[in-house]
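Student: I'd like to go over a predicted model; first the sequence, then the structure.
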Amino acid sequence: MCTNEKINSNLSLNDLRQYAWDYFQLHAMQRMSLFKFFVVFATILTTGLISTFQPTFNAHLIGITLGLLLVGISVIFWKFDERNKFLTKHGERALIYLESQFNVRSKDDEPHPIQLFTSEEWRTKQLRATQKSWKLWQRQMSHSKSLTLLFFLYGVIGLVGAVVSVILCFA
């Protein structure tokens, strides 16, 4: 049941900060745990897929299956990561709001260093504005872009492996 009533509470700013931090931390840890599980699972599938390319191996349907399975888990874990990113950013926004309640002064347009989430967001924007190179190794990349790139690469490995297995099956 939704109402427009404001709920009065005796929660302090510290209580609210702890609540927001716990929410943020839960989803950030869940995101990293899922990624670690993906890397282990994808590495096992990739190793199995590559082993099906041996000249003495004759069951190439296994290679096709492993390749397609690698594509499938890459997509599934990518979608999990998108959801966890959304939830983590939701917690960050709450923490940024709570940081705005700190009674600290900053110089010019820059957030105060004690406002960690606000300061990180501001500094990242400043850094990215100066990094215009197309060379990925010369730019800072977000976790999301890095994870998406890995999901994509494993998906491509799975697709290429499945195609190679089909070719070997009919060769």
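Tutor: Thanks, I have it. These figures come from a predicted structure and were not determined experimentally.
Student: report pLDDT for K135.
Tutor: K135 is assigned 72 on the pLDDT scale.
Student: also N103?
Tutor: Reported pLDDT for N103: 78.
Student: report the distance from the helix or strand harbouring K85 to the chain centre.
Tutor: Secondary structure here is read from DSSP states H and E; on that basis K85 sits in helix 60-100. Mean C-alpha position of helix 60-100 versus that of the full chain (C-alpha atoms, centre = their mean, to the nearest Å) differs by 6 Å.
Student: now the residue nearest the centre of the chain. Nearest residue, chain neighbours left out?
Tutor: What sits nearest the mean C-alpha location of the chain, by C-alpha atoms, centre = their mean, is S144, with 4.3 Å. If you skip the residues right next to it in sequence, S144 has K85 as its closest partner in space, 5.5 Å away by C-beta to C-beta, 6 or more residues apart in numbering. Using the backbone N, CA and C atoms, a C-beta is placed for each residue, glycine as well.
Student: that neighbour and R31 touch, don't they?
Tutor: Yes: K85 is within contact range of R31, at 6.8 Å (criterion: C-beta atoms under 8 Å).
Student: give the other helices and strands that the one helix or strand in the chain whose mean pLDDT sits lowest contacts.
Tutor: For the chain, scoring each helix and strand by mean pLDDT, DSSP states H and E identifies helix 116-130 as the least confident one, at a mean of 85. When contacts are defined as 3 or more C-beta pairs under 8 Å, 6 or more residues apart in numbering; DSSP states H and E, helix 116-130 sits against helix 60-100.
Student: for the helix it packs on, give the mean pLDDT please.
Tutor: Rounded to a whole number, the mean pLDDT of helix 60-100 is 95.
Student: show me what stretch 77-93 is in contact with.
Tutor: Applying C-beta atoms under 8 Å, 6 or more residues apart in numbering, the contact partners of stretch 77-93 are 20-21, 23-25, 27-28, 30-31, 34-35, 38, 117, 144, 147-148, 151-152, 155.
Student: going through these, which ones are buried?
Tutor: Neighbour counting by 16 or more other C-beta atoms under 10 Å classes 20, 23-24, 27-28, 31, 34-35, 38, 117, 147-148, 151, 155 among those as buried.
Student: pLDDT check: weakest of these?
Tutor: Least confident of the buried ones among the contacts of stretch 77-93 in the model: F117, at 89.
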